[in-house]
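1. sequence plus predicted model, see below.
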Amino acid sequence: MIACTNYKAFVKGALQGFADFYVPKWGAEIKGCSVYMKDGRKWVNMPSKEFDTPTGEKAFAPIIKMREQAHMTAFTKHALDAIDKWIKDNAPRPVTGPEATEAPSQYKDFNDEDLPW
């Protein structure tokens, strides 16, 4: 599983915030992931570095990249779940009112045995 160790909301366009994760199976921390939401879809981008293209435009290159799309899809699902848990556990005050209904996940459920972490 994946644990979110920090989340900072920062809404600008599709960008929703930044998160840090701990992947116990790897013994690794991943700091500076960006979280996006657009057209009802949410995803997590791995940390990246900014660079200038030969034409002078700004672009970003990922520092960490999963070779298999299925692994990135699974990482995204577990990372978003971990962010939700972090927000719930670190909420400044109790949530009041009727419980929100959870939207169906757009990602396939994976067993722990299927995942590399």
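-> Happy to help now that I have it. Numbers count the residues shown, from 1 in each chain.
2. which parts of the chain are strands?
-> Remark: strands assigned in the chain by DSSP state E are 3-12, 15-23, 28-38, 41-45, 48-52, 58-62.
3. quick one, which of those strands is packed in tightest?
-> strand 15-23 (a mean of 19; mean count of other CB atoms under 10 Å). Yep, even glycine has a C-beta here, placed from its N, CA and C like the rest.
4. now the angle from it to strand 28-38?
-> The directions of strand 15-23 and strand 28-38 differ by 150 degrees, with axes from the mean of the first three to the mean of the last three CA atoms, to 10 degrees as the criterion.
5. report the angle between strand 15-23 and strand 41-45.
-> With the same axes, to 10 degrees as the basis, strand 15-23 and strand 41-45 are set at 60 degrees to each other.
6. contacts for strand 15-23 next, please.
-> For strand 15-23, contacts defined as CB atoms under 8 Å, 6 or more residues apart in numbering pick out 2-11, 28-37, 42, 44, 79, 82-83, 86, 117.
7. picking up where we left off before, so which of the strands of the chain comes closest to residue 75?
-> Proximity to residue 75, assessed across these by CB to CB, is greatest for strand 41-45 (7.2 Å).
8. which strands or helices does that closest one pack on?
-> Using 3 or more CB pairs under 8 Å, 6 or more residues apart in numbering; DSSP states H and E as the contact criterion, the elements in contact with strand 41-45 are strand 28-38, helix 69-89.
9. what pairs with it, parallel or antiparallel?
-> Pairing partners of strand 41-45, with direction, according to DSSP bridges: strand 28-38 (antiparallel).
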